[in-house]
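Asks: Sequence and predicted structure are below.
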Amino acid sequence: MELSSPHPAAPASRWTGRTDGTGPQHRRWHQAVHLQEELATASQYVPQEPREGIAVVGFCSDEGVRRNHGRPGAASGPAALRNALGPLALHEDFSVLDAGDITVDGDDLEGGQRRLGAATTELLNQHSLTIVLGGGHETAYGSYLGMAGSHRVAEEQRVGILNLDAHFDLRDAPQPTSGTPFRQIAESEHNAGRPFRYAVVGISRPNNTRALFDTAAELGVDHLLDEQCATHTGQVSEFVEKFLAQIDVLHLSIDLDVLPAAVAPGVSAPAGLGVPLDVIHAICHQVASSGKLALMDVVELNPTYDIDNRTARTAARLITTVAHTAAEHHR
């Protein structure tokens, strides 16, 4: 597979980890990964439609966070996520294609999002699951552009976005930021004549103004508050199941600031309460087992503020759960 020009850069971090053997019973992420340039020159590689396995692409950006007056550092997120994933064991026989990193040049966030969209479209068209490693939450608009250009939408599938996040990210701003991606998506879907299907789990009432709640209501956005998630886990499962029933293809966006600060300190805006990790983990398992998950982005990891790689390790565990559960479904 060759991505449309311009090509993403080579992975900022090569996959590494412990090696106990070369058999399938010993496999770890770093042993399952093939780099984009390796596959492009491998004579035995024949693209399929779609190809089994997953694809990974990084988005090295914190320009959206900077514009949103957050703590910069998320541009280093993709490398930290690869480092955390590399040593983890794989118990399902799936392949991993690493398509490299899209890097935002200077303050050209919009150009970076377009390039991420072009890369993601081709990955979605050729793999059963594509995972985007952010980057600030501005990553989500680039992910959306990829989905919108893929055959998943061309086939008139009902596409929905489930966001695990303390924030709606529906801000109205003069230029795109990490706080605007879903408002941008709503406007793009309206212009394309498609309904905006978007739901959020983990909203923090103190961290979203009344105006943002009003905007969510106007756009038909369903949501659960963080405090509801902490005390009514059955309600969370029902909420997710109801949303899944309304769509055919899912884009899952995980903003790591949805988790308690003690679990995920390495983010732009640590949570004062947050949603318990076991609840977020259960959602990941639920959506991956639905057979509807096509695209996932994991955003807002800021290694500068992480403690003992705690946030990166947590994110890697969630990604691994999704990858294994999706592989079991496709088996």
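Replies: On my side now, so go ahead.
Asks: Can you name the element that comes right after the least confident helix or strand in the chain by mean pLDDT?
Replies: None of the helices or strands of the chain scores lower by mean pLDDT, DSSP states H and E than helix 36-40, at a mean of 58. Under the assignment DSSP states H and E, the closest C-terminal helix or strand after helix 36-40 is strand 51-60.
Asks: Mind giving me the packing neighbours of the following helix or strand past that next one?
Replies: Next helix or strand after strand 51-60 toward the C-terminus (DSSP H and E): helix 63-67. Using 3 or more Cβ pairs under 8 Å, 6 or more residues apart in numbering; DSSP states H and E, the elements in contact with helix 63-67 are helix 109-126. For every residue, glycine as well, the C-beta is placed using N, CA and C.
Asks: what comes up buried for the helix it packs on?
Replies: Under the neighbour-count criterion of 16 or more other Cβ atoms under 10 Å, helix 109-126 has 109, 112-126 buried.
Asks: Likewise for stretch 301-308?
Replies: Under the neighbour-count criterion of 16+ other Cβ under 10 Å, stretch 301-308 has L301, N302, P303, D306 buried.
Asks: Between the two ends of that stretch, how far is it?
Replies: With Cα to Cα, to the nearest Å as the measure, stretch 301-308 spans 13 Å from end to end.
Asks: Touching that stretch from outside, list them.
Replies: With Cβ atoms under 8 Å, 6 or more residues apart in numbering as the test, stretch 301-308 has contacts from 62, 71-74, 76-77, 79-81, 134, 256, 265-268, 270, 309, 311-312, 315.
Asks: Mark which of the residues you listed are part of helices, please.
Replies: Within the contacts of stretch 301-308, residues falling in helices by DSSP state H are G77, A79, A80, L81, T311, A312, A315.
Asks: Poorly predicted segments of the stretch 1-150 of the chain, please.
Replies: Within the stretch 1-150 of the chain, the ranges that satisfy pLDDT under 70 run 1-13, 37-52.
Asks: ok, which stretches of the stretch 201-331 of the chain are strands?
Replies: Along the stretch 201-331 of the chain, the stretches classed as strands by DSSP state E, counting those that start in this stretch are 222-225, 249-255, 293-299.
Asks: just checking, Q36 touches D101?
Replies: No. Q36 is not in contact with D101 according to Cβ atoms under 8 Å; the separation is 10.3 Å.
Asks: pLDDT value on the closest residue to S290 other than its chain neighbours, please?
Replies: Distances taken as Cβ to Cβ, 6 or more residues apart in numbering put L244 closest to S290, at 5.2 Å, once the chain neighbours are dropped. The pLDDT attached to L244 in the predicted structure is 98.
Asks: pretty sure L244 contacts V287?
Replies: Yes. L244 lies in contact with V287 (Cβ under 8 Å); the separation is 6.9 Å.
Asks: For the two, indicate the residue with more neighbours.
Replies: Between L244 and V287, V287 has the larger neighbour count (other Cβ atoms under 10 Å), namely 23 against 19.
Asks: Would you mind listing the residues in contact with that one?
Replies: V287 makes contact with L162, V240, L244, L250, L252, L293, V322 under the criterion Cβ under 8 Å, 6+ apart.
Asks: what does L85 give?
Replies: In this structure, L85 makes contact with W15, W29, A316, I319, T320, judged by Cβ under 8 Å, 6+ apart.
Asks: Assign the first one to helix, strand or coil.
Replies: When the structure is split into helix, strand and coil by DSSP: H, G, I helix; E, B strand; the rest coil, W15 lands in coil.
Asks: pretty sure it contacts D98?
Replies: Yes. In this structure, W15 is within contact of D98 by Cβ under 8 Å, at 7.2 Å.
Asks: Any figure for the gap between E156 and N125?
Replies: 16 Å (Cβ to Cβ, to the nearest Å).
Asks: what do you get for D62?
Replies: D62 sits 28 Å away from N125, going by Cβ to Cβ.
Asks: repeat for R210
Replies: In terms of Cβ to Cβ, R210 sits 41 Å off from N125.
Asks: just to revisit the earlier point, just the closest of the buried residues of stretch 301-308 to A55, please.
Replies: Minimum distance to A55 across the buried residues of stretch 301-308 is 19.2 Å, recorded for L301 (Cβ to Cβ).
Asks: rewinding a little: identify the farthest-apart pair in the buried residues of helix 109-126.
Replies: L109 and Q126 (26.4 Å).
Asks: thinking again about what came up before, now do the shared contacts for L244 and V287.
Replies: L250.
Asks: coming back round to it: now do the contacts for the residue nearest to S290.
Replies: Counting by Cβ under 8 Å, 6+ apart, L244 makes contact with G160, L250, Q286, V287, S290, K292.
Asks: just A316 next, same as before
Replies: A316 is in contact with L81, A84, L85, L88, counting by Cβ under 8 Å, 6+ apart.
Asks: what are the ranges of the strands in the stretch 51-200 of the chain?
Replies: Along the stretch 51-200 of the chain, counting by DSSP E, counting those that start in this stretch, strands occupy 51-60, 96-103, 127-134, 159-164, 198-203.
Asks: Excluding sequence neighbours, find me the nearest residue to the residue nearest the centre of the chain.
Replies: Residue closest to the average C-alpha location in the chain (Cα atoms, centre = their mean): D297, at 0.7 Å. Using Cβ to Cβ, 6+ apart and skipping the chain neighbours, the partner closest in space to D297 is V132 (3.9 Å).
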